[in-house]
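>>> with the sequence up front, the predicted model follows.
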Amino acid sequence: MGSKGCNSLIRAEKILTHIAYVGVASYMELLREFHYPKSSLLNLLNVMIECGFLIKSENNQYALGIKNYELGCQALHRKNIFEVTKRPMHELSLKSGLVCHLGAMESHSAIYLDKVESHDSVPTRKSWIGKTLELHITALGKALLAWKTQDEIDYFMDVLALTRHTENTITDKKAFREELQKTRLRGWAIDNEESTYGAVCISMPVFNMYKRVNYAISLSGNPDVYSGNNVDRYLDMLRQCADQISYGLGYKNKSLRKGN
């Protein structure tokens, strides 16, 4: 019994690692990849769904479930991600004079993992660590989504409700797909008063050693801050910070920031 249980655990770990790398996978894709017995694989997948480690979409694609994020966040709070992000984020906030946020995906939303305010930034109570964010109205949400695989984006398009918050909010799913494509091509995302009037936010993805985007960082300010050519200066600062964090997470190839 112990040996059988260990084998199941090893198989589950391999499946999670594979899906974390490719984004989503079907039952047949997993069967071809691992050559596990059909009934054993199906039973294991069902148990992993029940435990929250996997979710299954309407088109029978398996993706990582919220349980991985919960456990990962617990581990990261004890060590890794904040050791990598704290100094670059403080430097970014100090140089820019703006509020800097670190965000991650949580189920069908984004969440603030960290917030850094400089002495020159305008204090705000509208954001706090642990606050959940709708993906379609936030620069962080767009940055976290834009570098997902096409299958992952299709999945989120099925489940997201593009609720209007301001006149600038994108509520059409075709238009939102186009916005994500623009974001990926230029390498950064923007919330142009789409979540609330008087607030503009720019964001860039953070890549890990597997070239996946699990985190993004952002700078928040009022519309006047980003007027004219000022946005280019802030984008340079943001890019340096994102590249520094990505490097700290083992990412080496900067070519993915734009395009692919």
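Alright, I've got the coordinates.

>>> biggest helix in the chain by residues?
helix 2-22 (DSSP state H).

>>> so what's the gap between that helix and the chain middle?
Between the mean C-alpha location of helix 2-22 and the chain-wide mean there is a distance of 24 Å, by Cα atoms, centre = their mean, to the nearest Å.

>>> what is the subsequent helix or strand relative to that helix?
Using DSSP states H and E, the next helix or strand after helix 2-22 towards the C-terminus is strand 24-26.

>>> other SSEs contacting that next one?
Contact partners of strand 24-26 among helices and strands, from 3 or more Cβ pairs under 8 Å, 6 or more residues apart in numbering; DSSP states H and E: strand 61-64, helix 150-159. No exception for glycine: its C-beta is placed from N, CA and C like everyone else's.

>>> tell me the helix or strand right after it.
Scanning the chain past strand 24-26 towards its C-terminal end, the next helix or strand to appear is helix 27-34 (assignment: DSSP H and E).

>>> may I see the buried residues of that next one?
The neighbour-count check on helix 27-34 (16 or more other Cβ atoms under 10 Å) flags Leu30 as buried.

>>> between it and helix 2-22, how big is the angle?
Using axes from the mean of the first three to the mean of the last three Cα atoms, to 10 degrees, the inter-axis angle of helix 27-34 relative to helix 2-22 is 110 degrees.

>>> if you skip the residues just before and after it, what's nearest to Cys51?
For Cys51, the nearest residue in space outside its immediate sequence neighbours is Lys67; the separation is 6.3 Å by Cβ to Cβ, 6 or more residues apart in numbering.
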